[in-house]
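**Q** Fold the following for me, if possible:
(chains A and B)
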Amino acid sequence: MNFAFSAREEVFRGEVREFLGDWRDLDAFFGQGLKWERVREFFRALGRRGWLSLGWPREWGGAEDPLVSEYLLWEEIAYARAARNPLAPGVVAKTLARYGSDAQKRRWLPPIQRGEIHFSLGYSEPESGSDLASVRCRAVLRGDRYVVSGQKCWQSYAQDMDYLWLLCRTGAQESRGRGLTLLIVDLKAAGVRVGALPTLDGDQLNEIHLDRVEVPLDQRVGPEDGAWKLMAEALADERHIQFPPGRVRRDLEEVVAWARRSGLWQDAAVRRRLSELAVEVRETEVSGLRVLDAMRRGLPGVAEAAANKVRHSVVCQRIARAALELGGPAALVSGERVELLWRQSLWETIGGGTSEIMRGVVAKQGLGLAGRN
Amino acid sequence: MADAGIDLAFDDVQQALSAAIEELCADRCRDAEVRAAAGRFPEALWQQLAELGVLALATPEGEGGALELVAVLEALGAAAFPGPIPASVFAAQLLPEAERGALVTGRRVVSVGAAGLFPFAARADLLLECEAERVYRVEASAPIESIETLGGEPWGRLRSRRVEELPAPARAFALHDLAIAAYHAALGLRLVRDTAEHARVRKQFGRAIGEFQAVAHPLADCLIELEAAQLLARRAAWHFDRGPDPAGSDPAGAAGTLELRCAAGAARLSARRAGVAAAHTCHQLFGAIGITLEGPVFHCSRRLLQLASQPPGDDSARAALEQSLAALETPERPGGAALPGAAP
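**A** As a prediction, this is how the structure comes out:
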């Protein structure tokens, strides 16, 4: 048993920290949409280092590093509050590397690797949140192109992205997950309209209307009606980096620093509460390692990732809520970090799969309790 | 393999140790025996533990360190094995070599008490009393009053007379905390799995009650928290075995010792919260079955509650965690004052 990263991994972590020194003022982990141009620059800088393709196959310019490299990279980036991991080099690129045609790989992988093009995940719809097998947005093949009509909603960052990784229906509605297809849609194509849904952290989600949007056939990924398997596998590409403990560690450090500046730290009850939260931060650390360990062993890691997501998201909410509870009126002041943490952390138990779905996964896979969902 | 990176599995020796304990428990420490052990010291089981070398683990004479101890305690915890195991492990760290032998071979039994309350006081050959982070060898200066406890252990209330103060290194407290944590998490997990089994079989409204999210989700939460606590105990043990200063960058070992203290203290507090919550959840989900004396919960839950308040308490763990937070060097807040989120 070993709880330490290897010397080589620590060297890499050191390189990442040094690199992040130049981006100390970015602070786009929250409110990325408010600073997109700088974030795009940041991603390009990551691309120049080869860090957007650490886990990709060598054949496509990747380093074929074990997952731990990506874990350390995004752990440090989360701690530095720089940005969230982009979808293009993860879900999109890894699915393309696995299931795309050679022509698709040649077209899409190099600019993704350089951090030049970015994708929004087009899964959720007004009537399909957690239940993605019920997606309705329809694509019909006409000659050499699909014609797509429908509505997507709650997409993060879509206002700034270049393409939509679209889950749409090609089979009968009753075919559920068996009648879904993945398409790459240019967000600047005719018939695409992106509208803002302002969120309570000052950023926005989006709704995307697609009205007879034409999508070339060569922008279909995998077979028609074949999206479900691709999506399930893509989940594994991201779950080891999506909820890194660095985020909650930083949350607690900021609340502790704030408590000390404001004098709250003098109160023994405050110190006790914050040290209990420090225990929970440690829980998120080992929950994250558990996902990494499962992936390292070649296991699916589905229950581990769901458990990590619940623990991580609940702890960041507890930290923010404790600060509001302990801080008195000073904690209510807009623009204070603690107030922002309260607003933002509400999203964490929803985005990326709700806690209800995650607990269902843990109950089923970890305890053999199958519900009706 | 010092440089292999993250690997969260027990090695073959640790697994074999754990299997041996599981075998012992399946044979000698089934639920009926655990229930029957209430109210007395488990003499025969205790001798078995000593013969297997369990009480000597993480001492110079032991055939294994803290990780082996944790592997064993997880198996013992899953069986709700009775007796003052964490206290004995703690005392073995404090006593001089000459006395340690009798303790780890089971010839003498120690009681680690606080505030005049001593577990198994009438049976114990040696009394240690904790006060914050200090430990004293004491004698009973008045007759021992026998008392019963929630956990079914025979304790004694007595007036103690201090004989000497023992050196009590932070590592001893750390080992005690991680030992309790390993046992706690394993017993909580066993209880959660037993309850899940019940929820798969028990039918109401025409279906297994485990199909209801009101039943399944609280159990999932227990599982998530207990598994985290279990890993914290293992991580603390790994830290203990590695020593305070593996890299040589911390000559006094102060930072390493504080981190060990925090790692073990966090494990104890985490396992305590998760274990006690699991006990309460499982009582509830078994319904009326869960509150019967012979039911499937109480012989486990009482043990969880008992260990949660076992001396030495968690004050020193909390103090270490606060000290570590106070020492944080938080990076400057990035971006200055221009934070998002100032919406109306």
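
**Q** where does chain A dip in pLDDT?
**A** By pLDDT under 70, the weakly predicted segments of chain A are A:372-373.

**Q** which helix of it spans the most residues?
**A** For chain A, the helix with the greatest residue count under DSSP state H is helix A:268-296.

**Q** Is chain B within reach of that helix?
**A** Yes: applying Cβ under 8 Å from any Cβ of the partner chain, one finds helix A:268-296 touching chain B at A:271-272, A:274-276, A:278-280, A:282-284, A:286-287, A:289-290, A:292-293, A:296. C-betas here are computed from N, CA, C, even on glycine.

**Q** Among those residues, name the buried ones.
**A** Buried by 16 or more other Cβ atoms under 10 Å in any protein chain shown: A:271, A:274-276, A:278-280, A:282-284, A:286-287, A:289-290, A:292-293, A:296, out of these.

**Q** and the stretch 1-150 of chain B, which residues reach chain A?
**A** Contact residues, the stretch 1-150 of chain B versus chain A (Cβ under 8 Å from any Cβ): B:Met1, B:Asp3, B:Ala4, B:Gly5, B:Ile6, B:Asp7, B:Leu8, B:Ala9, B:Phe10, B:Asp11, B:Gln14, B:Leu67.

**Q** per-residue confidence at the last one?
**A** So the one you mean is B:Leu67. We have a pLDDT of 98 for B:Leu67.

**Q** And the one 10 residues further on, by the same measure?
**A** Among the per-residue scores, B:Gly77 shows a pLDDT of 98.

**Q** Quick check: which element contains it?
**A** Taking DSSP states H and E as the definition, B:Gly77 sits inside helix B:66-78.

**Q** Remind me what that helix packs against, helices and strands.
**A** Helix B:66-78 is packed against helix B:12-28, helix B:85-94, helix B:170-201, helix B:213-242, with contacts defined by 3 or more Cβ pairs under 8 Å, 6 or more residues apart in numbering or on different chains; DSSP states H and E.

**Q** All the helices of the stretch 151-300 of chain A, residue numbers only.
**A** Remark: helices assigned in the stretch 151-300 of chain A by DSSP state H, counting those that start in this stretch are A:227-242, A:245-262, A:268-296.

**Q** Throw those into TSV and include distance to B:His283, thanks.
**A** Formatted as TSV, the helices of the stretch 151-300 of chain A follow (distance: least, Cβ to Cβ, whole Å):
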stretch	distance to B:His283
helix A:227-242	34
helix A:245-262	31
helix A:268-296	23
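
**Q** Tell me which of the helices and strands packed on helix B:66-78 lies nearest to A:His209.
**A** The closest of these to A:His209 is helix B:213-242. By Cβ to Cβ, the value is 33.7 Å.

**Q** quick one: the closest one to chain centroid distance?
**A** Remark: helix B:213-242 is offset 13 Å from the chain centroid, using Cα atoms, centre = their mean, to the nearest Å.

**Q** Check stretch B:207-215 too.
**A** Centroid separation between stretch B:207-215 and its chain, computed with Cα atoms, centre = their mean, is 31 Å.

**Q** so B:Trp155 bridges to which residues?
**A** Judged by DSSP bridges, the bridge partners of B:Trp155 are B:Pro119, B:Ile147.

**Q** Spit out the contact partners of it.
**A** By Cβ atoms under 8 Å, 6 or more residues apart in numbering or on different chains, the residues touching B:Trp155 are B:Gly113, B:Leu117, B:Phe118, B:Pro119, B:Phe120, B:Ala121, B:Ser146, B:Ile147, B:Glu148, B:Thr149.

**Q** Now do the contacts for the fourth one.
**A** Translated: B:Pro119. Contacts of B:Pro119 were listed using Cβ under 8 Å, 6+ apart, and they are B:Pro84, B:Ala87, B:Ser111, B:Val112, B:Gly113, B:Glu153, B:Trp155, B:Gln310, B:Pro311.

**Q** Out of those residues, which is nearest to B:Arg40?
**A** B:Glu153 (9.0 Å).

**Q** Please state the backbone phi and psi of the closest one?
**A** Main-chain torsions, B:Glu153, degrees, to the nearest 10: phi -100, psi 140.

**Q** The host helix or strand of A:Arg343 to helix A:245-262, inter-axis angle?
**A** In the assignment (DSSP H and E), A:Arg343 maps to helix A:337-345. Between the axes of helix A:337-345 and helix A:245-262, defined by axes from the mean of the first three to the mean of the last three Cα atoms, to 10 degrees, the angle is 150 degrees.
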